[in-house]
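Q: Got a sequence here, can you model it:
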Amino acid sequence: MPAAAFAGVYLRARALGLRTSVHAGEWDGVESLREALDHLRPDRIDHGIAAAEDPRLLARLAEDAAALWMAPASNVDTGAVDAIESHPLPRLLDAGVCVALGADDPLLFSTTTAREHALVREKFGFGARTMALLGENSWRASFSTADDRRRAFSRNDSVRRLRRGGPSQPSVVS
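A: Take a look at the predicted model:
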């Protein structure tokens, strides 16, 4: 069914103060992402890996700060991506897209969010800054309360200042 068919439900959810998410762009390509963004205006898109195929869509996601919630191991397990080495995660981060990691369906894919973080650190050679960015993005994309997110960022800033011996610097992909 096209995303437009669910636009009323998403509008009602937002009116009730709920945050919204939609699965798009894992199997059904770039057009499903555009349609989800245009008609549903979700707070988060689960998967969204097809975005890496379209520079205009990447720019839109980066500008709108629409979060993509990804589970690279499940993308490989389902065949949406041939191998972890060909996963578009690094391209999405390089384009400035807010990417967060999750475990998708932990029981089905025998993984956890911590394993997803370890996997991308190992396979892509991400450094501390990129891993911190992914962690921060997870808070941004979470459906936690705004107060919980503020407290998490405050703690992270304090830890960064202590480690660096000075003011916190914004995370950048390394």
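Q: All the helices of the chain, residue numbers only.
A: 7-15, 29-35, 55-64, 72-77, 89-94, 106-109, 113-124, 128-141, 146-164 (DSSP state H).
Q: Adding mean neighbour count and mean pLDDT, write those out as JSON lines.
A: No exception for glycine: its C-beta is placed from N, CA and C like everyone else's. Below are these laid out as JSON lines (neighbours: other CB atoms under 10 Å; pLDDT from 0 to 100):
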{"stretch": "helix 7-15", "mean neighbour count": "13", "mean pLDDT": "96"}
{"stretch": "helix 29-35", "mean neighbour count": "19", "mean pLDDT": "92"}
{"stretch": "helix 55-64", "mean neighbour count": "15", "mean pLDDT": "92"}
{"stretch": "helix 72-77", "mean neighbour count": "21", "mean pLDDT": "90"}
{"stretch": "helix 89-94", "mean neighbour count": "18", "mean pLDDT": "95"}
{"stretch": "helix 106-109", "mean neighbour count": "13", "mean pLDDT": "62"}
{"stretch": "helix 113-124", "mean neighbour count": "16", "mean pLDDT": "92"}
{"stretch": "helix 128-141", "mean neighbour count": "18", "mean pLDDT": "90"}
{"stretch": "helix 146-164", "mean neighbour count": "12", "mean pLDDT": "65"}
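Q: I'd like to know which of the ones you listed is closest to R44.
A: helix 128-141 (5.0 Å; CB to CB).
Q: by contact count, what packs against that closest one?
A: strand 67-70, strand 99-101, helix 113-124, helix 146-164 (3 or more CB pairs under 8 Å, 6 or more residues apart in numbering; DSSP states H and E).
Q: The second one pairs with which strands, and in what direction?
A: Looking back up the chat, that one is strand 99-101. strand 67-70 (parallel) (DSSP bridges).
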